[in-house]
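> With the input below, show me the fold.
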Amino acid sequence: MTVTPSDRGPDVRLPPAYRLVALGSVTSTNDEAIRLAESGAEDGTLVWAREQSQGRGRRGRAFVSPPGNLYLSLVLRPECEIAAAAQLSFVAALAVGDGIGSIAPALLEVTYKWPNDVLLNGRKVSGILLESRSGAAGGLDWLVLGLGVNVRSHPQDTTFPATSLHFEGTPTSVTEVDMLQAFARHFLAWVNRWLEDGFAPIRQTWLSHAHGQGDDIEVRLPNETLSGTFADLDETGALLLDVPGAGQRRITAGDVYFAG
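Model prediction:
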């Protein structure tokens, strides 16, 4: 693993709940956060890098990571089962959305694409990746929440259209440091809400800005592809798909594609 120290430049101001590990270049912030988690890093350890040489997304997909965008991974140790911890991807999505809302022009539309993407004006601006290790009796030892936010630039040749904050009209004076600080503030607020009140308020807020609810979608699973209508999220965060002639399917993991 290649890790270089960061020239942090401007001061990074995070709430005291976080312990910042600032790096210049790293293969993957998730790799570094996992290493720290295995070594006993405390809850709230936040790994931030200026660039990644081997960034990755869900299912091991390559994640292009040039300087100017936000790349971070957060070590979390919630006292819950692994299945419940998956809800933290929705918590993080809301924090990204609120963070963007606090630093970007008011007319930009933020929506959420199941299971782990944040969209800006209908195009992907952020993705989230969870990796974890179970402990004794099926509990959670640690969870690493990784995310990227396109601030300065975005990839061109993607299956689902991508965008960046600057491309959508956010002033170029807004940097990845601004997005880091905004995300950190809002994530702390949302994760505390999740810990205190459960998933219900997270689900309600996410659904109020859901991309494509009620639309026809295609869900690609490891062994089959389903077509139907995006009906709802259940109380755990699973997608409920109305499949013509087959009733409703509950889907916990898959890739969603929209018509047109």
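> List of residues touching stretch 200-220?
Among residues not part of stretch 200-220, those counted as contacts by Cβ atoms under 8 Å, 6 or more residues apart in numbering are 87, 90-91, 93-94, 97, 110-114, 119, 122, 190, 193-194, 225-233, 235, 237, 239, 241, 251, 254-259. Just so you know, the C-beta spots here come from the backbone N, C-alpha and C atoms, and that holds for glycine as well.
> Quick one: buried ones out of the residues you listed?
Among those, those buried by neighbour count (16 or more other Cβ atoms under 10 Å) are 87, 90-91, 93-94, 97, 110-114, 119, 190, 193-194, 228-230, 232-233, 237, 239, 241, 251, 254-256.
> So which of those residues are in strands?
Using DSSP state E, 110-113, 119, 228-230, 232-233, 239, 241, 251, 255-256 are the members of those that sit in strands.
> So which of these is the closest to residue 36?
residue 112 (28.5 Å; Cβ to Cβ).
> about what we covered before: and the ones in strands among the buried ones among the contacts of stretch 200-220, which two are furthest apart?
Going by Cβ to Cβ, the pair spanning those furthest: 110 and 228, at 25.5 Å.
> can you tell me the helix or strand for the most centrally placed residue in the chain?
By Cα atoms, centre = their mean, the chain has its centre lying nearest to residue 128, at 2.5 Å. If you go by DSSP states H and E, residue 128 is part of strand 123-134.
> what is the mean pLDDT for that strand?
The pLDDT scores in strand 123-134 average 94.
> So, low pLDDT: which residues of this structure?
1-10, 54-64, 136-138, 260 (pLDDT under 70).
> Repeat the analysis, applying 80 as the threshold.
Along the chain, segments meeting pLDDT under 80 span 1-10, 53-65, 135-139, 259-260.
> Who is residue 129 paired with across the strands?
Beta-bridge pairing of residue 129 under DSSP bridges involves residue 146.
> Hmm, it is touching residue 115, no?
No: using Cβ atoms under 8 Å, residue 129 makes no contact with residue 115, being 10.8 Å away.
> still on that earlier bit, list the residues that contact the residue nearest to the centre of the chain.
Residue 128 touches 89, 92-93, 96, 116-118, 145-147, counting by Cβ under 8 Å, 6+ apart.
> One more: residue 170?
With Cβ under 8 Å, 6+ apart, residue 170 has these contacts: 103-105, 108, 151.
> Now that we have the residues you listed, which of them are buried?
103-104, 108, 151.
> Out of the residues you listed, flag the one nearest to residue 50.
residue 151 (11.6 Å).
> Let me know the secondary structure of the closest one.
coil (DSSP: H, G, I helix; E, B strand; the rest coil).
> The chain should start at 14 in everything you say after this.
Right, with 14 as the first residue, what we last looked at is residue 164.
> which residues of the stretch 164-273 of the chain fall in helices?
For the stretch 164-273 of the chain, applying DSSP state H, counting those that start in this stretch gives helices covering 189-210, 213-221.
> right, so the ones you listed: which one is the most enclosed?
helix 189-210 (a mean of 19; mean count of other Cβ atoms under 10 Å).
> Convert the C-alpha atoms of that one to PDB, please.
The C-alpha trace of helix 189-210 is given here as PDB (Å, rounded to 0.1, in the frame of the first residue of the first chain):
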ATOM      1  CA  GLU A 189     -13.100  19.300  -1.300                       C
ATOM      2  CA  VAL A 190     -12.200  20.600   2.200                       C
ATOM      3  CA  ASP A 191     -15.500  22.500   2.300                       C
ATOM      4  CA  MET A 192     -17.400  19.300   1.300                       C
ATOM      5  CA  LEU A 193     -15.400  17.300   3.900                       C
ATOM      6  CA  GLN A 194     -16.400  19.700   6.700                       C
ATOM      7  CA  ALA A 195     -20.000  19.900   5.600                       C
ATOM      8  CA  PHE A 196     -20.400  16.100   5.300                       C
ATOM      9  CA  ALA A 197     -18.800  15.600   8.800                       C
ATOM     10  CA  ARG A 198     -21.200  18.000  10.500                       C
ATOM     11  CA  HIS A 199     -24.300  16.600   8.900                       C
ATOM     12  CA  PHE A 200     -23.200  12.900   9.300                       C
ATOM     13  CA  LEU A 201     -22.800  13.400  13.000                       C
ATOM     14  CA  ALA A 202     -26.300  14.900  13.200                       C
ATOM     15  CA  TRP A 203     -27.900  12.100  11.100                       C
ATOM     16  CA  VAL A 204     -26.000   9.200  12.800                       C
ATOM     17  CA  ASN A 205     -27.100  10.500  16.200                       C
ATOM     18  CA  ARG A 206     -30.700  10.600  14.900                       C
ATOM     19  CA  TRP A 207     -30.300   7.000  13.700                       C
ATOM     20  CA  LEU A 208     -28.900   5.900  17.100                       C
ATOM     21  CA  GLU A 209     -31.700   7.600  19.000                       C
ATOM     22  CA  ASP A 210     -34.700   7.100  16.800                       C
END
